[in-house]
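>>> Structure for the following, please:
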Amino acid sequence: AREREEQYKSLLAEYESASKVVQRSTFVHRIMEIIKNIKHQEADIRNIIEDTRVVQREINTATEVLQRAHALVDDMVFREAKKDASMKDAYVQLTQLHNNFASLTQNVESLGRVQKEIRELEAKLEEMASRQMDVDQIMKDIEAVNVENQSLEAQIKQQRRK
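Residues are numbered from 1 along each chain as shown. Just a heads-up that it's a prediction; the model follows:
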């Protein structure tokens, strides 16, 4: 609590000593920086989405190859199991292995969905937390622009009187 009080006092002193007249160029510069950052973030997001699509295609391809291989091995072992009793046990184990692998795959996919939801919720939480700060900053900026507008209006009125 004491640290916050000291921080508040130092920030208040800094605020009071800061120039109260804010130039429009400062606001334009801030806005341009924000736009630049947004464009950079959008490019990053596009890259991540493309990477995700590539990985998903690779996963789909690997899954298809695995399914074809399983179908081939399943067919071969099944034919041999009809002829040889010891192969029946191998066929049962192959089927069990396939079922276990399918279950494992479903669990991994579920885990991925849950982790994605967690990331999305964390991102929303961060966005909501940052919005409050952004609203406060915007309100301060609007007030500064209003003050500057009033100052400019007063200057214009003075020049018209002369």
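
>>> where does residue 20 land on pLDDT?
pLDDT recorded at residue 20 is 61.

>>> what ranges of the chain fall below the confidence cut-off?
18-22, 131-135, 162 (pLDDT under 70).

>>> give me that answer again for 80
Across the chain, the ranges flagged by pLDDT under 80 are 1, 14-27, 128-138, 160, 162.

>>> which helices and strands does the lengthiest helix in it pack with?
For the chain, the helix that runs over the most residues, judged by DSSP state H, is helix 85-161. Applying 3 or more CB pairs under 8 Å, 6 or more residues apart in numbering; DSSP states H and E, we find helix 85-161 packed against helix 24-83. The way it works is simple: take the backbone N, C-alpha and C, and place the C-beta from them, glycine included.

>>> and the helix it packs on with helix 85-161, angle?
170 degrees (axes from the mean of the first three to the mean of the last three CA atoms, to 10 degrees).

>>> Distance from the chain centre to helix 24-83, please.
The chain centre lies 15 Å from the centre of helix 24-83; the measure is CA atoms, centre = their mean, to the nearest Å.

>>> Show me what that helix is packed against.
Packed against helix 24-83 by the contact rule (3+ CB pairs under 8 Å, 6+ apart) you find helix 85-161.

>>> which residue is nearest the centroid of this protein?
residue 123 (5.7 Å; CA atoms, centre = their mean).

>>> ok, now how distant is that one from residue 109?
Counting by CB to CB, to the nearest Å, the gap from residue 123 to residue 109 is 21 Å.

>>> What of residue 65?
Using CB to CB, residue 65 is found at 18 Å from residue 109.
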